[in-house]
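Visitor: Output the structure for:
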Amino acid sequence: MLELHTLIARAIVLYYALVGVWGVFLAIRKADLPPAYRGALIIAVVMGLLQSAVGLTLLLTVGHPRDDLHYLYGASVILTLPLVASYIADKKFSRVLAFGLANLFMAGLAIRAITTGA
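Guide: The predicted structure is shown next:
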């Protein structure tokens, strides 16, 4: 189970980085928020939730991570996109840029979560 948690964590870092670069690229092109990008954002949230489910299973079966900050980074990864979405809902700001930068931030959070884990 620990190997699955590690594999998903690495996939999350790569996925968030790619979606982040895609969002910044769309923002540079002054594009609107396309449905394909919205789908990618939903997949990002689902990946975070899946990772937390595996992590909770590990917590109950194996034990605690090396550092308690691991929980903070994990929760931050899951909460970032919904918080960004609620913050920019009434703002005149490029949505794709906000989501792109949020995904890059989440990739960094995921890297920190990996370093504080097992």
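
Visitor: what's the burial count for A36?
Guide: Look at A36: counted by other Cβ atoms under 10 Å, it has 10 neighbours. (Each C-beta comes from the backbone N, C-alpha and C, glycine too.)

Visitor: what's near enough to touch it?
Guide: Neighbouring residues of A36 by Cβ atoms under 8 Å, 6 or more residues apart in numbering: there are none.

Visitor: Next: E3.
Guide: Listed by Cβ under 8 Å, 6+ apart, E3 has no contact partners.

Visitor: Now the element after the helix or strand that contains it, going C-ward?
Guide: Element membership for E3, per DSSP states H and E: helix 2-28. Per DSSP H and E, the first helix or strand lying C-terminal to helix 2-28 is helix 35-61.

Visitor: Give me the buried stretch members for that next one, please.
Guide: For helix 35-61, the buried set under the neighbour-count rule, 16 or more other Cβ atoms under 10 Å, comprises Y37, A40, L41, A44, V45, M47, G48, Q51, S52, V54, G55, L58.

Visitor: before we move on, what about stretch 21-32?
Guide: In terms of neighbour count (16+ other Cβ under 10 Å), stretch 21-32 has its buried residues at W22, G23, V24, L26, A27.

Visitor: For the fourth one, which non-adjacent residue is closest in space?
Guide: It refers to L26. Counting by Cβ to Cβ, 6 or more residues apart in numbering, L26 lies nearest to V96, which is 4.2 Å off, once chain neighbours are set aside.

Visitor: need the contact list for the one you found.
Guide: Counting by Cβ under 8 Å, 6+ apart, V96 makes contact with G23, L26, A27, A31, D32, L33, Y37.

Visitor: what's around S94, how many residues?
Guide: Applying other Cβ under 10 Å, we find 20 residues neighbouring S94.

Visitor: Dihedrals phi and psi, it?
Guide: When read as degrees, to the nearest 10, the backbone of S94 gives phi -60, psi 110.
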